[in-house]
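1. Here is my input; please provide its structure:
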Amino acid sequence: QVQLVESGGGLVQAGGSLRLSCAASGRTFSSLAMGWFRQAPGKEREFVAAINWSGGSTFYADSLKGRFTISRENAKNTVYLQMNSLKPEDTAVYYCAADRKYYMDPTAADYEYDYWGQGTQVTVSS
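-> Next comes the predicted model:
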C-alpha cells in the first residue's frame, strides 16, 4: 500500500510559478512510476505529467510541455511538479498518482495508476 500526500498548492497570479510536492509512504516508492493529473471545475480529470521509477524518463501533456517539469527524489520518497508561466486555465485540483507495478514506463493513462493522493488546489488569478 502506498499513501500519497500532495502539498504546495495555493493562489498565484498569472505568469507566476508554483512547485507541487507529493510525499509517498512505503519502501517501494523508488520502483514506481508516478504521475500528476488535474481536474478543473466542471471538467474531466486530465493528464499532466509522468515519470518513471528512476527519473530517467518523463512524459508530458502536449499542451504543457515547456512550462511544467516533473522530477523525483527517491531518497525523499517525493515527486515534484514545477509549474512556470501559470495561466488562469491551469486552475484545478492537482493529484499525484502511483502505479503499483514495478519499473514501468511513465503513462498518461489514469487507469494504470493504483494509488491517488487527496489533491491540492491551484488557483491562478488573471
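2. Sticking with the spatially most central residue of the chain, tell me its helix or strand.
-> Note on the chain: the residue nearest the mean C-alpha position is residue 36, at 2.4 Å, using Cα atoms, centre = their mean. Per DSSP states H and E, residue 36 falls inside strand 32-39.
3. avg pLDDT for that strand?
-> Mean per-residue pLDDT for strand 32-39: 97.
4. what's the spacing between residue 104 and residue 23?
-> 20 Å (Cβ to Cβ, to the nearest Å). C-betas here are computed from N, CA, C, even on glycine.
5. same question but for residue 119, I mixed them up
-> 14 Å.
6. If you count contacts, what does the strand holding residue 36 end up packed against?
-> strand 18-24, strand 46-51, strand 68-73, strand 78-83, strand 92-102 (3 or more Cβ pairs under 8 Å, 6 or more residues apart in numbering; DSSP states H and E).
7. now it, how far from the centre of its chain.
-> Per Cα atoms, centre = their mean, to the nearest Å, the displacement of strand 32-39 from the mean C-alpha position of its chain is 4 Å.
8. Having no further points to raise, I will conclude here.
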